[in-house]
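A.B. asks: can't give you the sequence, but here's the structure:
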């Protein structure tokens, strides 16, 4: 840089700029309010979906659906925590900026012992470690107005409102700063922050909470070791947030010992221009290697020494060599060319960055939805397989019972009435067993999935329409012939004897022959001939007991399969359908929220382009 500028000229330029700044928070606050509405609705909807799903899911570790629903719940908790943290940070930032709307907010950021506080003291008083005597030499009207914000409880840090009381930033201690503190001069707000990457992590966290709300960031690196990986990562993060950053290599001086009049004289000298350039080029090269071009945000590096500057405050040439003149020129250039725009854009840029991070926070839901869909498909197939196994197991059980019972019923097989009475009793027992088997099978398959089993399976078997066939005997009719002998021969002989006697008496021997013939015919007429009679009898040749056993086994097996299939299908449909409804509801909520955030982002981006 060829221009030169003193500290007083620098402060004067900001004083003239003061009236150019105007409130930049109103639009950002309106956008914040819209985001709050989206955020509340999303949390409310997803919480409701999760609660509804959990009511019908079995509370067991084996339930894959419950595990996935729990994953959504944890994701909601995480996103709620993330968004609430980010909102709190934004609210702190808005509250922080509210008091500095009439000035450019410059935030000094960097590691512990990187010269932040010394730089701030020099900007405020022209001295890096000033005393009350120096302060008294400066007109009251030119005194900076100190302030303090949040503070950590680090033991070695500054005391409560120490900067306000002493009107300077403490230097020299290992961790001198543990507060967000600063000072105001007309048109300029200068903020000193706790160091990054210290042993006390809360100090660095506090700085990170506030740095994003700065209009301009001055990042400090000690010249002893500039461009360390941790510094480079912080710088990249700031640039990725579209922050305006000025890089400083502080303490760019050396101590030389010279002999003057025979005595050793110690002198503070600047590092040579070659060494300064070498360090600057090294940092730029390292940034380029991790993907950050020096053209990004017009990134520039300045080497400075506040100690050298305060020793040569009255020498323009030496002040120029200290690098502080170049810093004044650079800050003045930014304030004049971009100050008002930076002031207006910073809240909107912060909001855009915030929205982008919130949109990224929704991405885990997409993975969870994909996993949940896969779980539903796997569960559906698993339930089909487990139902088939349960049916087979139940069928084998009732078959064994029926076959065993029929083996004992064989003792009644000669008595149809007693057999059918025994079968009626057994039917009642088999129906009870069938109901028990159905209940057990349903619980075995579904108890780990759903809480809605109570009353799901009614005892339909007792009043079912199927009947067991009756036992009966297999009988045949057989016929046989009975022969009856007649008495006609005996009576014919007797008639012949009588006729012969009568004929002899009448006609002698001739009469006797004729009488015998006639008597024999008469006797035969009076006697009967022999006869044949056919009779029919019923014979038991077998029974239907084995067929009845087989048909009963098949009947109960089919009934079991039918009822269990119906119940399993209904329960599976209920579980899977509810899971799909839950998934669709979550998906719709995420999609709707994502769309609203995208719309809000476009609105914010449009407002930013108008600034």
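C.D. replies: Good, I have the coordinates. These numbers were taken from a predicted model, which means no experiment stands behind them. Residues are numbered from 1 along each chain as shown.
A.B. asks: most centrally placed residue in this protein?
C.D. replies: residue 72 (2.8 Å; Cα atoms, centre = their mean).
A.B. asks: now the helix or strand where that residue lies: how far from the chain's centre is it?
C.D. replies: Using DSSP states H and E, the element containing residue 72 is helix 64-98. Offset of helix 64-98 from its chain centre (Cα atoms, centre = their mean, to the nearest Å): 13 Å.
A.B. asks: and what of stretch 353-365?
C.D. replies: Worked out by Cα atoms, centre = their mean, stretch 353-365 lies 15 Å from the chain centre.
A.B. asks: for the helix holding residue 72, which positions count as buried?
C.D. replies: By 16 or more other Cβ atoms under 10 Å, the buried positions in helix 64-98 come out as 64-66, 68-69, 71-73, 75-76, 79-80, 83, 86-87, 89-90, 92-94, 96-97. Just so you know, the C-beta spots here come from the backbone N, C-alpha and C atoms, and that holds for glycine as well.
A.B. asks: Contact partners for the residue nearest to the centre of the chain?
C.D. replies: Residues in contact with residue 72, defined by Cβ atoms under 8 Å, 6 or more residues apart in numbering, are 46, 49, 50, 365, 368, 372, 586.
A.B. asks: how about 7 Å then?
C.D. replies: 50, 368, 586 (Cβ atoms under 7 Å, 6 or more residues apart in numbering).
A.B. asks: now residue 129
C.D. replies: 118, 121, 171.
A.B. asks: Validate this expectation: it resides in a helix.
C.D. replies: No - counting by DSSP: H, G, I helix; E, B strand; the rest coil, one finds residue 129 to be coil, located in no helix.
A.B. asks: Phi first, then psi, for it.
C.D. replies: When read as degrees, to the nearest 10, the backbone of residue 129 gives phi -140, psi 80.
A.B. asks: Now do it against residue 46, distance only.
C.D. replies: 55 Å (Cβ to Cβ, to the nearest Å).
A.B. asks: likewise residue 290?
C.D. replies: Distance from residue 290 to residue 46, by Cβ to Cβ: 37 Å.
A.B. asks: Kindly report the same for residue 316.
C.D. replies: Taken as Cβ to Cβ, the span from residue 316 to residue 46 is 65 Å.
A.B. asks: more neighbours, those two?
C.D. replies: residue 46 (22 against 13; other Cβ atoms under 10 Å).
A.B. asks: Quickly find the element holding the more buried one.
C.D. replies: Counting by DSSP H and E, residue 46 is part of helix 26-55.
A.B. asks: Settle this for me: residue 276 is touching residue 253, isn't it.
C.D. replies: No - in this structure, residue 276 is not within contact of residue 253 by Cβ atoms under 7 Å, at 10.3 Å.
A.B. asks: With distance to residue 26, neighbour count and secondary structure as extra columns, can I get the contacts of residue 129 in a markdown table?
C.D. replies: A markdown table is the format used below for these (distance: Cβ to Cβ, whole Å; neighbours: other Cβ atoms under 10 Å; DSSP: H, G, I helix; E, B strand; the rest coil):
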| residue | distance to residue 26 | neighbour count | secondary structure |
| --- | --- | --- | --- |
| 118 | 37 | 25 | helix |
| 121 | 35 | 26 | helix |
| 171 | 38 | 18 | coil |
